[in-house]
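1. sequence plus predicted model, see below.
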Amino acid sequence: MKFVQSLSPEELHYLKYDWNFWGRPNQLPPSGDWRTWLVLAGRGFGKTRIGSEFVRAKVEAGEVSRIALVGRTTADVRDTMIEGESGIISVSPPWNRPHYEPSKRKLSWPNGAIATTYSADLPDQMRGPQSDLAWADELASWSYPEALDMLLFGLRLGADPKLLVTTTPRPIKMVIDLMNQSTTVVTRGSSYENKANLAPAFINEILSKYEGTRMGRQEIMGEILTDVVGALWKSSLIDECRVRDLPKFKRVVVAIDPAVTSDERSDETGIMVVGKAEDDHAYVIEDLSGRLSAEEWGKRAIGAFHKYSADRIVAEVNNGGDLVEKVLRTIDRNIGYKGIRATKGKILRAEPVAALYEQKRVHHVGQFMKLEEEMCVFSLENLRDNNGRVDSLVYGVSELMLVNKEFVRGHVLP
């Protein structure tokens, strides 16, 4: 405080934009010879600020001229990386603030440096353009791994092109591969390190709620969690079976595992859209699950039914009974519908579907983060009531692949 009070108004103004003064040590760029800086940290750690300040510093030093900014979606790039509270525009001083042209997906600085924005949902956008600096935000939530490949192919300008990755960690192949590269420097951190700058409501409601849980270790502490021993699915297996494009389908079903209640403490209603293609493999098309009222999950399911020209909605009726069909037919009386009364335990129902994954006969079209996290902890020792996403996945795949099939010794017989 004595130091700050000794400064003139002009010096105080400059100090406001001195990231070397304000940033914590693990928010500042690492020293040494590296190609990729991988920041794996919990929610609220300050990852976005790291990215914005790193880009700004490189531009102001005149070390870069063409920058690629890549987020999960176009909206994420705009709302978080550029215009967010810790985005590039917010952290830039008035004398060197870039001009943003959303229609051109471009940021332009007074010294001629240009940043172009890209969506990881559109990997082909990055096919061709070159850059000498790239910032990839929330990599672990990208739906298409090839987006990172396209970005790296274009990172070829200048003598020392750099890649900064800021993400909440997940044990997916893209992240693990980057970690294991000799040219990668990894920075880790937890939400608690930035506690002084987080809203009290976030600390009281989010940190306290998830502290000590598996999700808390990942989302708060920034740990990469390995697969649960005994879980029916492993993240590596799901990655191996992942595809990008929708095939031509012979059948599509919408599967529902409805929750009994719909308040903020209720379980989620699982809603999965699954198709069976001409290769007789199943493809998970969309995850529409959420904490929803009966009317909301009914509208979502029927919307997907028409969007994908599905032939049937299948729903578990153990808890809802005839109410499930009534909800759906109140919205659209002409849908195809099949009620499922589960008689086996969750594990027994799921084992044949897990066997299909092992046979590489079930594929995820893109990435479904919440579903896959639930799958990779689904085990007898870790079983819980709220498995709506996995349960609806099991109902959907079973309807397409296991009706009239025999399951023997861990294999599905054709």
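-> Looks like it came in fine.
2. enumerate every residue touching Asp33.
-> Contacts for Asp33 (CB atoms under 8 Å, 6 or more residues apart in numbering) come out as Thr183. (Glycine included, C-beta is placed from N, CA and C.)
3. average model confidence for the stretch of helix or strand Lys58 belongs to?
-> Using DSSP states H and E, Lys58 sits in helix 47-60. Taken as a whole, helix 47-60 has an average pLDDT of 97.
4. distance of the residue positioned nearest the centre of the chain from Glu63?
-> By CA atoms, centre = their mean, the chain has its centre lying nearest to Ser141, at 2.4 Å. As defined by CB to CB, to the nearest Å, Ser141 lies at a distance of 29 Å from Glu63.
5. contacts for the helix holding Lys58?
-> Here helix 47-60 makes contact (CB under 8 Å, 6+ apart) with 19, 23, 27, 29, 37, 39, 41, 64, 67, 69, 80-81, 84, 86-88, 90-92, 96, 98, 109, 111, 113, 115, 133, 135, 137, 162, 164, 166-168.
6. can you list the buried residues in it?
-> 47-56, 58-60 (16 or more other CB atoms under 10 Å).
7. can you check stretch 184-203 too?
-> In terms of neighbour count (16+ other CB under 10 Å), stretch 184-203 has its buried residues at Thr184, Val185, Thr187, Arg188, Gly189, Ser190, Ser191, Tyr192, Glu193, Asn194, Leu198.
8. just to be sure, the second one is in a strand?
-> Right, Val185. Yes: assessed by DSSP: H, G, I helix; E, B strand; the rest coil, Val185 belongs to a strand.
9. thought it was touching Leu28?
-> No: with contact defined as CB atoms under 8 Å, Val185 does not reach Leu28; the gap is 11.9 Å.
10. which ones are touching Pro94?
-> Neighbouring residues of Pro94 by CB under 8 Å, 6+ apart: there are none.
11. what's the distance between it and Gly336?
-> Pro94 is 61 Å from Gly336, where distance means CB to CB.
12. now do Ala41
-> Ala41 is 47 Å from Gly336, by CB to CB.
13. quick check: closest non-adjacent residue to Tyr357.
-> Leu237 (5.8 Å; CB to CB, 6 or more residues apart in numbering).
14. from Gly32, how far out is the residue nearest to the centre of the chain?
-> Noted for Ser141: a distance of 29 Å to Gly32, by CB to CB.
15. and if you look at Met81?
-> Distance, Met81 to Gly32, using CB to CB: 26 Å.
16. more neighbours: which of those two?
-> For Met81 versus Gly32, the count of surrounding residues by other CB atoms under 10 Å is larger for Met81: 27 against 6.
17. in the stretch 251-400 of the chain, which spans are helices?
-> Per DSSP state H, counting those that start in this stretch, the stretch 251-400 of the chain carries helices over the ranges 294-307, 322-331, 346-358, 369-375, 388-401.
18. go on, the stretch 51-200 of the chain?
-> All helices of the stretch 51-200 of the chain, identified by DSSP H, counting those that start in this stretch, fall at 74-76, 88-91, 146-154, 173-180, 200-201.
19. quick one: which of the ones you listed is nearest Ile340?
-> Closest approach to Ile340 among those (CB to CB): helix 173-180, 33.5 Å.
20. check which residues of that closest one are buried.
-> Met174, Val175, Leu178.
21. now stretch 237-257
-> Buried positions in stretch 237-257, judged by neighbour count with 16+ other CB under 10 Å: Leu237, Ile238, Asp239, Cys241, Arg242, Phe249, Val252, Val253, Val254, Ala255, Ile256, Asp257.
22. what helix or strand is the first one located in?
-> The one in question is Leu237. Per DSSP H and E: helix 235-240 holds Leu237.
23. what's that helix in contact with?
-> The contact list for helix 235-240 (CB under 8 Å, 6+ apart) reads 145, 170-173, 227, 357-358, 360, 364, 372, 375-376.
24. what do you get if the cut-off is 6 Å, keeping everything else the same?
-> Residues external to helix 235-240 that are found in contact with it (CB atoms under 6 Å, 6 or more residues apart in numbering): Pro171, Lys173, Tyr357, Glu372, Cys376.
25. quick one, domains of this structure?
-> Following automatic domain parsing, one gets these domains for the chain: 2-219, 235-413.
26. weakest of those domains by average pLDDT?
-> domain 235-413 (a mean of 86).
27. return the distance of it from the chain's centre.
-> Relative to its chain's centre, domain 235-413 lies at 19 Å (CA atoms, centre = their mean, to the nearest Å).
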